[in-house]
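Asks: Any chance you can model this:
(one chain, ligands or ions: 1)
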Amino acid sequence: MLNFDIEREIPVMEHFYTIQGEGYFTGTAAYFIRLAGCDVGCHWCDVKESWTVKQNQLLSYEALINAIQKTPTKLIVITGGEPLMYDINTLVSYLKKFDYQINIETSGSYSLNTKLDWICVSPKKFKNVLPEVLAQADELKCIIYNASDFDFALKNYENYKLLTDKAIKLYLQVEWSVQEKMLPQIIVFVKLHPEWNISLQTHKYLDIP
Ligand code: SF4
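Replies: Alright, predicted model coming up:
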C-alpha cells in the first residue's frame, strides 16, 4: 500500500468530465474521479487497470479541484476501483466547499463515514457488502453476469429492507460481455418484478468515457 498524506492527496486513476452512463443519473453531465485501487476481484471487471495503485497516481486535492473548475459541472461522481478503500472525508469536505453535488459508486465493502448527496451501492459476490453501508444506499445497482445474480440482487434488496424502510432505487445492469445472453432474461425479470429497473451502460453505446 502506498504511503501518502490523505489530508492533501489521493491516488487517482483518471478523472474526466463526461455524461453519467448508468443508474439513476443516466444522461446527466458529471465529473468523474476514479480512485485507484480495488481488492474486490470481480472476474468480469471492465476496469481491471484500476486494481493497482502507483506512486505517480497521487493527485493533490488542489490539482483536482483546479481541473474540475475548468468545466461547468454541477455533479461529481467518486468511483473506482473501490473508492471506500480510502478515508474520503477530506476529499469530500474539500469538494463541498465549491457546492458540488457529490455522488459515490461503491461495492459497499468498506465503511462510509462521510456525508454524500447520493450513494449508489453495487454489491459484489466476491466481497461482502457491509450492512451499515447498504443501509445508507439511495440506489442499489446489481450487475447481472449469470442467472444466479438475480437471486443475489433480490437477497441484497431483502437485506436492505431489514435494515431500513427508506425508499431506494433498484437497478439491474447487464455485464457488458454477456448482454446478448442476459439482457432478454433481465427484461423478463423486470416485467415480473416492476420495482426493479434496467440500467444500461449507455456511455459504452455512446462511445464516451
Ligand atoms: Fe472492478 Fe468494481 Fe469489482 Fe473492483 S468492485 S473488481 S472495480 S467491478
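Asks: Check which helices and strands the helix or strand bottoming out on mean pLDDT in the chain is in contact with.
Replies: In the chain, the helix or strand scored least confidently by mean pLDDT, DSSP states H and E is helix 202-206, which has a mean of 94. Judged by 3 or more Cβ pairs under 8 Å, 6 or more residues apart in numbering; DSSP states H and E, the packing partners of helix 202-206 are strand 9-19. C-beta coordinates here come from the backbone N, C-alpha and C atoms, glycine included.
Asks: Flag every buried residue along the strand it packs on.
Replies: Neighbour-count burial for strand 9-19 flags Glu9, Ile10, Pro11, Val12, Met13, His15, Tyr17, Thr18, Ile19 (criterion: 16 or more other Cβ atoms under 10 Å).
Asks: could I get those as a markdown table with pLDDT?
Replies: As requested, the buried residues of strand 9-19 are exported to a markdown table (pLDDT from 0 to 100):
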| residue | pLDDT |
| --- | --- |
| Glu9 | 98 |
| Ile10 | 98 |
| Pro11 | 98 |
| Val12 | 98 |
| Met13 | 98 |
| His15 | 98 |
| Tyr17 | 98 |
| Thr18 | 98 |
| Ile19 | 98 |
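Asks: Pick the one among those closest to the ligand.
Replies: The ligand lies nearest to Met13 out of these, by Cβ to the nearest ligand atom, at 9.8 Å.
Asks: Now that the closest one has come up, it's in contact with Pro83, right?
Replies: No. Between Met13 and Pro83 there is no contact under Cβ atoms under 8 Å: 10.5 Å.
Asks: coming back round to it: quick check, distance from the least confident helix or strand of the chain to the centre of its chain.
Replies: In terms of Cα atoms, centre = their mean, to the nearest Å, the centre of helix 202-206 is set 17 Å apart from its chain centre.
Asks: about what we covered before: any common contacting residues for Met13 and Pro83?
Replies: Common neighbours of Met13 and Pro83 (criterion: Cβ atoms under 8 Å, 6 or more residues apart in numbering): Leu35.
Asks: What's the first helix or strand after the helix ranked longest in the chain?
Replies: If you go by DSSP state H, the chain has its longest helix at helix 148-163. Downstream of helix 148-163, the first helix or strand assigned by DSSP states H and E is strand 169-174.
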